[in-house]
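J.: Turn this into a structure:
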Amino acid sequence: MDRGSLIGFGLAAAAVFGGQAMEGGHIGLFMQPAAFVIVLGGTLAAVLLHHPFPVFLQGVRMAKWVVRPPEGEAAALIQRIVRWSHTARQDGLLALERHLATVHDPFQRDGLQLLIDGADAARLRETLDVRIVGFETAERQAARVWEAAGGYAPTLGILGAVMGLIHVMENLTEPGKLGTGIAVAFVATIYGVGLANLVFLPVANKIKFAIASRVNEREILCDGLIGIAQGDNPRMLEARLKGYL
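T.: Here you go, the predicted model:
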């Protein structure tokens with residue numbers, strides 16, 4: 001559980017609603033269903049038009065990483081690579097086959113299988129780098145779903161405000177309602193700017209941190225397997241890999 005994210009969301013809500021209360025305003029003024037539908041619905045529509053549907057779904061699934069990021073296993077992975085290095089040094093690369101049954105991650109399994117099959121360091125680097133780049137590209141495309149939402153939401157907020165002002169202009173014969181009507185119109189702008197800067201963009205950046213951690217683990221594996229292929233000393237290999245931490 002990422003406490004920082006929970007605290008951040010709480011502080012964001014406290015800052016907005018607390019500031020409104022300190023100014024003597026009514027918090028209930030923020031509760032405008034029409035403005036909410038225009039901003040959130042419009043942003044959702046724009047994001048769906050912007051991205052292929054599978055990418056959109058992946059981005060939505062990644063949202064849980066904000067409060068529950070993927071568990072990192074970099075340290076455990078380094079120890080696993082060092083064990084493989086000892087095995088390869090003592091019994092040869094073919095002896096690594098007995099470790100395949102304990103490897104469940106497809107990327108780790110494929111990399112270890114390449115090593116067992118006799119791929120040299122250059123071929124390992126070439127093959128695994130392509131996989132890493134493809135993985136990172138796909139993950140970042142999904143994270144950009146939230147970046148796109150952060151870009152569209154303020155504009156949709158302005159759209160909602162303009163629509164509200166049009167409605168106010170239609171009721172100029174009732175001056176007593178103008179002040180409230182204008183205030184309600186600008187609630188849409190608050191929704192757009194607030195959601196973009198307090199939710200969508202921070203969520204996108206938090207997801208990027210998780211992606212960077214996952215890519216880092218793959219870089220550790222790639223470097224470790226290359227070290228084994230080159231016959232590096234296990235202790236030297238471990239010392240080098242710990243630099244990734």
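
J.: Walk me through the domains of the chain.
T.: 1-31, 32-245 (automatic domain parsing).

J.: Highest mean neighbour count across those domains, which stretch is it?
T.: Stretch with highest mean neighbour count among the domains of the chain: domain 32-245 (a mean of 17; mean count of other C-beta atoms under 10 Å). Using the backbone N, CA and C atoms, a C-beta is placed for each residue, glycine as well.

J.: Can you report the mean pLDDT over the residues of it?
T.: Mean pLDDT, domain 32-245: 87.

J.: ok, now stretch 8-21?
T.: For stretch 8-21, the per-residue pLDDT averages 78.

J.: Kindly format the C-alpha coordinates of that stretch as PDB.
T.: Taking C-alpha atoms only, stretch 8-21 is exported to PDB below (Å, rounded to 0.1, in the frame of the first residue of the first chain):
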ATOM      1  CA  GLY A   8      -1.800  13.100  -1.400                       C
ATOM      2  CA  PHE A   9      -5.500  12.400  -2.300                       C
ATOM      3  CA  GLY A  10      -6.600  13.400   1.200                       C
ATOM      4  CA  LEU A  11      -4.600  16.600   1.100                       C
ATOM      5  CA  ALA A  12      -5.900  17.500  -2.300                       C
ATOM      6  CA  ALA A  13      -9.500  17.200  -1.100                       C
ATOM      7  CA  ALA A  14      -8.700  19.100   2.100                       C
ATOM      8  CA  ALA A  15      -7.100  21.900   0.200                       C
ATOM      9  CA  VAL A  16      -9.900  22.400  -2.200                       C
ATOM     10  CA  PHE A  17     -12.900  22.000   0.200                       C
ATOM     11  CA  GLY A  18     -11.100  23.600   3.100                       C
ATOM     12  CA  GLY A  19     -10.200  26.600   1.000                       C
ATOM     13  CA  GLN A  20     -13.800  26.900  -0.100                       C
ATOM     14  CA  ALA A  21     -15.000  26.800   3.500                       C
END
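
J.: need the contact list for residue 192.
T.: Going by C-beta atoms under 8 Å, 6 or more residues apart in numbering, residue 192 touches 39, 43, 153, 154, 155, 156, 157, 158, 160.

J.: try it again with 6 Å
T.: The contact partners of residue 192, taken as C-beta atoms under 6 Å, 6 or more residues apart in numbering, are 39, 153, 154, 156, 157.
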